[in-house]
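Student: Pasting the sequence and the predicted model now:
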Amino acid sequence: MPTKRPIDKILVINSGSSSLKFMLFSITTETMLAKGLVERIGDVGGNLVYQRDDEPKTEQAVNAENHGKALALACNMLVDEQRGVLASLKDVDAIGHRVVHGAEEFSDSVIVTDDVKNSIKQCAALAPLHNLANLDGIVACETVFPNVPNTAVFDTAFHQTMPKHAFMYALPLKFYDEFHIRKYGFHGTSHKFVAQEAAKLLGKPLEELNLITCHLGNGSSVAAIKNGKVLDTTMGMTPLQGLIMGTRCGDLDPAIIFFLARKGMTIDEIDDLMNKQSGLKGINGLGTGDMRDTVNAAARGKAAAQNALEMFGHRIALYIGGYHTLIGGADAIIFTGGIGENSVPGRKAIVSRLAALGCKLDDAKNSAAAGEFGYISTDDSAIPAIVIPTNEELMIARETYRLLGGAAIS
Ligand code: ADP
């Protein structure tokens, strides 16, 4: 009989169409041991980035024809004599995978089985590029680690508690029934992580908390959380809906699409326009979707960049006000993601619009909060505004541990 040992080393995989990101955790201490990524899978000129927790990152040219080869390159680093962190690949106890779309099939993370893989394939109708690439990562791991359990953690799962009146669009019913057109929401892993961290911080069970979580990065979304469950979120059937993002327009009058089509633009051109040329990139007059560039140009007096920052804050404040009403009053507003964690003017553009809710920005605290946990509201603010750095990979590792929890590995 082989001896059994508890789960500790969890490998987290985020497999995209041309890249594979990996992170290895010791989950019992919640320590990240090493991380990296393989870029340009299936193409020439690939790159392997690797970083051990205690060392600077390094890059080397590689060729990875497919996800299996990319994983093998990552594994070589993890067991490398000089720079590795594992004595053997046999030390990996479990693998957690990010999966983008779980549709209505998955309202929680799951242990991967053949049925689960088939369902992920079926959900790919809603996110073809993402889900099939996520599946490639799972299959690669099954080959390299034949006896190690895999889990799937879905970006959409945390939002599956949305009631029908929140997730339906006002199209004729058959479009929901036949084509599953509805709001799904994304960034669920991040919203869940910061909600759980907020509960720890506020010293209350998450089920007793009403929160508004703002994940603001290149892609951005806000979630309304009532008694620990998502009631609504700003992204929709796809990640295009909702906020003004780096290159995505977010909400607009859908008739603009017909108008542009009648002007002669093809559907693909409109898709590219709204997903890749719009948002901050489209409106700040700079041609980049980066918040830092926007803020710097605004500070130099560039009117388009100043307006972009105001549009960004206005749209988010609009949702926060609505969500505050719908959840019966927020106990806290949480900021996370690259902008939420770091951008002092970005947060100010939002919180300065929330005075009617009694949420008051503390300028000094806002200026001090950069990349780490911190309150940004005044002590007498009716609703605290708090920066909580997200960690989606750790959340995937935690979910993996929870699903396999108590189970011992042979
Ligand atoms: P993604 O959605 O691609 O994961 P991130 O969460 O990394 O994106 O967020 C990227 C955004 O965060 C960019 O707009 C960037 O300008 C902004 N950002 C990142 N770091 C900082 C910083 N130190 N100060 C201000 N903005 C920042």
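Tutor: That came in fine, so what should we check first? Residues are numbered from 1 along each chain as shown.
Student: what does the protein put close to the ligand?
Tutor: Residues of the chain lying close to the ligand by CB under 6 Å from any ligand atom are Gly217, Asn218, Gly219, Gly246, Asp290, Met291, Arg292, Gly337, Gly338, Ile339, Asn342, Ser343. Where C-beta positions appear, they are placed from N, C-alpha and C, glycine not excepted.
Student: Start from the N-terminal end of the stretch 51-200 of the chain and give the helices.
Tutor: Taking DSSP state H, counting those that start in this stretch as the criterion, the stretch 51-200 of the chain carries its helices at 67-78, 114-123, 128-144, 164-167, 173-179, 188-202.
Student: Ok, the stretch 301-410 of the chain next?
Tutor: 303-326, 337-342, 344-351, 363-368, 392-404.
Student: export these to CSV and tack on mean neighbour count and mean pLDDT?
Tutor: Output for the helices of the stretch 301-410 of the chain, formatted as CSV (neighbours: other CB atoms under 10 Å; pLDDT from 0 to 100):
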stretch, mean neighbour count, mean pLDDT
helix 303-326, 19, 98
helix 337-342, 23, 97
helix 344-351, 22, 98
helix 363-368, 15, 97
helix 392-404, 23, 97
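Student: Columns distance to Thr378 on top of the ones you listed, output as JSON lines?
Tutor: Formatted as JSON lines, the helices of the stretch 301-410 of the chain follow (distance: least, CB to CB, whole Å):
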{"stretch": "helix 303-326", "distance to Thr378": "17"}
{"stretch": "helix 337-342", "distance to Thr378": "19"}
{"stretch": "helix 344-351", "distance to Thr378": "10"}
{"stretch": "helix 363-368", "distance to Thr378": "8"}
{"stretch": "helix 392-404", "distance to Thr378": "30"}
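Student: And these: which comes nearest Val79?
Tutor: Closest of these to Val79 is helix 392-404, at 19.2 Å (criterion: CB to CB).
Student: can you map out the strands along the protein?
Tutor: With strands called from DSSP state E, the chain shows them at 9-15, 20-26, 31-39, 46-52, 58-62, 94-99, 110-111, 150-154, 211-216, 220-226, 229-233, 332-336, 374-375, 385-387.
Student: among the ones you listed, which is nearest Arg402?
Tutor: Closest to Arg402 of the strands of the chain, according to CB to CB: strand 150-154, at 9.1 Å.
Student: between that closest one and helix 188-202, how many degrees?
Tutor: Orientation note: strand 150-154 sits at an angle of 80 degrees relative to helix 188-202 (axes from the mean of the first three to the mean of the last three CA atoms, to 10 degrees).
Student: next one: strand 150-154 to chain centre, how far?
Tutor: 14 Å (CA atoms, centre = their mean, to the nearest Å).
Student: neighbours around the residue of the stretch 151-300 of the chain found nearest the ligand, how many?
Tutor: Relative to the ligand, the nearest point of the stretch 151-300 of the chain is Gly217 (2.5 Å; CB to the nearest ligand atom). Using other CB atoms under 10 Å, the number of residues around Gly217 comes to 19.
Student: In this model Ile339 seems to touch it, though I could be wrong.
Tutor: Yes: contact criterion CB atoms under 8 Å: Gly217 and Ile339 qualify, at 6.2 Å.
Student: And the residue of the stretch 251-400 of the chain closest to the ligand?
Tutor: Nearest residue of the stretch 251-400 of the chain to the ligand: Gly338, at 2.1 Å (CB to the nearest ligand atom).
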